[in-house]
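Colleague: mind looking at a prediction? Sequence and model below.
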Protein chains: 2
Amino acid sequence: MIDQKLAASGRSGNIIREISEYGAKQAKLLGEEKVYNFTIGSPSIDPPRCVYETMERLLATVPAAKLHSYTPAAGLPEVREKAAAFLNRSFGTAYRAQDIILTPGTSTCLAVLTRVLLSGGGRAMTFAPYFMEYKYYAESVGSSLTECPSDPASFQLDLDAAERALTSDTVMLILNSPNNPSGVVLRREGLEGLAALLERKQREYGHAIYIVADEPYRDLVYDGQEPAFIPTLYKNTIFCYSFSKSLSLPGERVGFMALPPALDDYDDIASAILAVLRAFGYICVSNLWQRVAVDCLGQTGDLSVYKSNRDLLYGALTQMGYSCVYPDGAFYLFVKTPEPDAEAFCRRAMRDNLLMVPGDSFGTKGYVRLAYCVSRDMIERSLPVFRALAEEYGLGR
Amino acid sequence: MIDQKLAASGRSGNIIREISEYGAKQAKLLGEEKVYNFTIGSPSIDPPRCVYETMERLLATVPAAKLHSYTPAAGLPEVREKAAAFLNRSFGTAYRAQDIILTPGTSTCLAVLTRVLLSGGGRAMTFAPYFMEYKYYAESVGSSLTECPSDPASFQLDLDAAERALTSDTVMLILNSPNNPSGVVLRREGLEGLAALLERKQREYGHAIYIVADEPYRDLVYDGQEPAFIPTLYKNTIFCYSFSKSLSLPGERVGFMALPPALDDYDDIASAILAVLRAFGYICVSNLWQRVAVDCLGQTGDLSVYKSNRDLLYGALTQMGYSCVYPDGAFYLFVKTPEPDAEAFCRRAMRDNLLMVPGDSFGTKGYVRLAYCVSRDMIERSLPVFRALAEEYGLGR
């Protein structure tokens, strides 16, 4: 009596977790120091001190029946107020508390918005490479995701490709910057061009096209980058943020989305979001964690660790002859594989206990993703293995 | 472009929250002590000390990158192991760690299981009075919920009514004991009768009928009650538990479901649950809270407070002439209204700032729900208002 397609989709699993579990098994067998696991994008640095200071203060001053009570589905009013004020202060926007909807991270934002925005029968689109769950969300509501290639030399937006990929049933465009898996930060000029294109297409199609800006890595940028705030470039943008990476709290599940007051069909969308949260059985985000997170807005752990990992790994790999677009943010390198079949390359590397995720899972063939939110020590120990692989493939000759 | 039915369902809201928000407004206007708010079922007693002791211990001993990392979608292996061991120790069952799936509370269990179990086209059924979200979940997956009346004198199962209500497309039967809104604990004999009926109907229909045992109030029982553990009476039972009420942590969102190893179509159901959790954008339950909660399994706050509230309120109201089934558990009284229209009665009481939820929202006309997880002081202050109402309606004459 259980729908077989549904059951089968639960069996397919997530290739990142699969490879990572193989790594854990090998680590047990051979010892941690013999396995080089670059598969999982989970923060390796400590949360900033404000996380624990705020938690301590709340536990000492807020009565338990209030600190752990249900909150309204969209979050505590004071938490929504603080998030709106932070965005307005940072980006000159005009969000009201009511425009902020707390969620357990951007995955929830995306799953819910996919259901809401595609409920009228439209379709979603994104630029490859992209986070594989986008496709799962779109297909799980009976729709589909169009994958538009990025400029392969830079992984920046390719506006000509975007114009070709847009169709009259595109209503949702997911952007992810800094990008998982490439680490690339979308440049302002490209985003301005995209905004102009979408404005034109909205008029042509006679309906709204919404950008969903998936930005859990927003604060993880190096070299003084200041990523553009997309809602200031394009009105119909729903900004999705998570504290998972900035506060190193991926397992605690706090984030939010922000609906601009001028969003087309604001009331329908806001109501439908609450309806879907309710239908999915979301009651509220952890009361304690939403208070803690919002009081640490704008803070991060010690990002110099990630920057130094990136510099080490990017520098070493490119010197060995690997080719990789320079990543300004997040904690990933997206490396071109020395043979066209990325899975074959991953399998070859696995024999040396070097674990990476094939780029096919991100809609882009011929690449592997390396998560460098790992110990510097492991990166250093892995370099001879990368070098041996490079030599085997004749790189850098 | 947004589906109008979806948007409309987000606007309808939740009547409990509406009345409660009116209460908050009145409290601001008139002062807290002038409003008698019995609408919200949120624990009023402190969490047991183990909650804070465990949290402190974990924060001091587990490295942050581990304590706040992503966990597998179904929960940390050691947490699942502990939950299974606890159930087996308490009820003589044979759950394995893999049978336990952590969720952010029973609402998620119900929303997900509704989608999974009704995915083949079947329908859900429950006994009235019942928690209103059951219907919302069933309708949100394009199915429906059959409401079968309970015995009106006791709110125990009415097996004749159940036999009449079951049809060949019933695949999911939701039981809720201790019950929200009636506080009634289902008796073992009734459950045994139901199990026999369902066994017979399974054979007759040629397919499984699953009991979903929604038991967030399981530990809130008084007078030495020991609620039957339904999975030991009926094989095809999925047990759903939440720490919200037992540990007074409703806003922190931790619970789990347990699939018996012998469940019909176990593999399909387990896979489909993971597929739906993924499609809904659930990544995992808060890492910190799942560790804390499972280490406090079997503990509760000081339940004598609820018992004493129940005794006070039940005693006073029945003495005034109100009629109410004696509640063995949870923290609700379900009181027969002195006029048939419960909403009219609630509106009348609201004029005196006495706030209750009409039973219509629980599929049962002519009743109001009173949540007595409030201060004893408020109960005492409310009694003259209840008395004046009783006199106005000529009760007890």
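Modeller: Looks like it came in fine.
Colleague: for the rest of this, base every contact and every neighbour count on C-alpha atoms.
Modeller: Will do.
Colleague: near chain B at all, the least confident helix or strand in chain A by mean pLDDT?
Modeller: Ranked by mean pLDDT, DSSP states H and E, the weakest helix or strand in chain A is helix A:15-30, scoring a mean of 81. No - shown here: helix A:15-30 not in contact with chain B (Cα under 8 Å from any Cα of the partner chain), separated by at least 8.7 Å.
Colleague: now that helix: buried residues?
Modeller: For helix A:15-30, burial by neighbour count (16 or more other Cα atoms under 10 Å in any protein chain shown) applies to A:16, A:19-20, A:23, A:27.
Colleague: same check, this time on stretch A:219-239
Modeller: For stretch A:219-239, using 16+ other Cα under 10 Å, the buried residues are A:219-222, A:227-231, A:233-239.
Colleague: sec struct for A:Val212, please.
Modeller: strand (DSSP: H, G, I helix; E, B strand; the rest coil).
Colleague: what's the first helix or strand after the least confident helix or strand of chain A?
Modeller: strand A:36-37 (DSSP states H and E).
Colleague: got the contact list for the spatially closest residue to A:Pro227 that is not a sequence neighbour?
Modeller: In this structure, A:Pro227 finds its nearest non-sequential neighbour in A:Val185, 6.6 Å apart by Cα to Cα, 6 or more residues apart in numbering or on different chains. The contact partners of A:Val185, taken as Cα atoms under 8 Å, 6 or more residues apart in numbering or on different chains, are A:156, A:177-179, A:227, A:327-329.
Colleague: can you check A:Tyr322 too?
Modeller: So A:Tyr322 contacts A:335-338, A:390, A:395-396 (Cα under 8 Å, 6+ apart).
Colleague: list only buried entries from those.
Modeller: Buried members of the contacts of A:Tyr322, counted by 16+ other Cα under 10 Å: A:335-338, A:390.
Colleague: still on that earlier bit, helices and strands around the least confident helix or strand of chain A, which ones?
Modeller: Applying 3 or more Cα pairs under 8 Å, 6 or more residues apart in numbering or on different chains; DSSP states H and E, we find helix A:15-30 packed against strand A:36-37, strand A:354-355, strand A:357-358.
Colleague: would you mind listing what in the stretch 151-300 of chain A touches chain B?
Modeller: So the stretch 151-300 of chain A meets chain B at A:207, A:248-253, A:268-276, A:279-288 (Cα under 8 Å from any Cα).
Colleague: re the thing from before, mean neighbour count, the helices and strands packed on helix A:15-30: which tops it?
Modeller: strand A:357-358 (a mean of 28; mean count of other Cα atoms under 10 Å in any protein chain shown).
Colleague: so what strands line up beside that one?
Modeller: With DSSP bridges as the test, strand A:357-358 is paired with strand A:367-371 (antiparallel).
Colleague: the partner strand - what's its average pLDDT?
Modeller: Throughout strand A:367-371, pLDDT has a mean value of 97.
Colleague: quick check: next helix or strand after that strand?
Modeller: helix A:376-392.
Colleague: just say helix, strand or coil for A:Gly394.
Modeller: Applying three-state DSSP: A:Gly394 is coil.
Colleague: same check, this time on A:Leu263
Modeller: Applying three-state DSSP: A:Leu263 is coil.
Colleague: contact partners for it?
Modeller: Contact analysis of A:Leu263 by Cα under 8 Å, 6+ apart lists A:235-237.
Colleague: among the residues you listed, name the ones in strands.
Modeller: Cross-referencing those against strands under DSSP state E gives A:Thr237.
Colleague: can you list the contacts of A:Leu263 in JSON lines and add pLDDT?
Modeller: Output for the contacts of A:Leu263, formatted as JSON lines (pLDDT from 0 to 100):
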{"residue": "A:Lys235", "pLDDT": "98"}
{"residue": "A:Asn236", "pLDDT": "98"}
{"residue": "A:Thr237", "pLDDT": "98"}
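Colleague: so where is the stretch 101-250 of chain A shaky, pLDDT-wise?
Modeller: Filtered on pLDDT under 70, the stretch 101-250 of chain A yields no residues whatsoever.
Colleague: can you give me the helices for it?
Modeller: Per DSSP state H, counting those that start in this stretch, the stretch 101-250 of chain A has helices spanning A:106-117, A:133-140, A:159-165, A:188-205. These are given in chain order.
Colleague: residues contacting the most centrally placed residue in chain A?
Modeller: The structure's chain A has its C-alpha centroid closest to A:Pro216; by Cα atoms, centre = their mean the separation is 5.1 Å. Contact analysis of A:Pro216 by Cα under 8 Å, 6+ apart lists A:106, A:240-246.
Colleague: again, only using 7 Å
Modeller: Residues near A:Pro216 by Cα atoms under 7 Å, 6 or more residues apart in numbering or on different chains: A:106, A:241-243, A:245.
Colleague: specify the beta-bridge partners of A:Asn176.
Modeller: Counting by DSSP bridges, A:Asn176 is bridged to A:Asp214.
Colleague: so it makes contact with A:Ile211?
Modeller: No - counting by Cα atoms under 7 Å, A:Asn176 does not reach A:Ile211; the two are 10.2 Å apart.
Colleague: in CSV: the contacts of A:Pro216, plus neighbour count and distance to B:Glu133.
Modeller: Shown next, in CSV, are those (neighbours: other Cα atoms under 10 Å in any protein chain shown; distance: Cα to Cα, whole Å):
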residue, neighbour count, distance to B:Glu133
A:Thr106, 27, 25
A:Tyr241, 26, 29
A:Ser242, 27, 28
A:Phe243, 30, 30
A:Lys245, 24, 34
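Colleague: what is the nearest of those residues to chain B?
Modeller: Of all these, the one with the least separation from chain B (Cα to the nearest Cα) is A:Thr106, at 8.4 Å.
Colleague: quick one: contacts for the closest one?
Modeller: Contact analysis of A:Thr106 by Cα under 7 Å, 6+ apart lists A:214, A:216, A:240-242, A:255.
Colleague: now do A:Ala165
Modeller: A:Cys148.
Colleague: same question, A:Gly120
Modeller: Applying Cα under 7 Å, 6+ apart, we find A:Gly120 in contact with B:1-3.
Colleague: buried set for stretch A:293-307?
Modeller: For stretch A:293-307, the neighbour count (16+ other Cα under 10 Å) marks A:293-297, A:299-301, A:303, A:305-307 as buried.
Colleague: likewise stretch A:29-43?
Modeller: A:34-43.
Colleague: which ones among those come in contact with chain B?
Modeller: Among those, the residues lying close to chain B (Cα under 7 Å from any Cα of the partner chain) are A:42-43.
Colleague: just to revisit the earlier point, want to try CSV for the contacts of A:Pro216, with distance to B:Leu59 as columns?
Modeller: Listed next are the contacts of A:Pro216 as CSV, based on distance: Cα to Cα, whole Å:
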residue, distance to B:Leu59
A:Thr106, 25
A:Tyr241, 26
A:Ser242, 22
A:Phe243, 19
A:Lys245, 19
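Colleague: and the residues you listed, which of them are in strands?
Modeller: Judged by DSSP E, the subset of the contacts of A:Pro216 located in strands is A:241-242.
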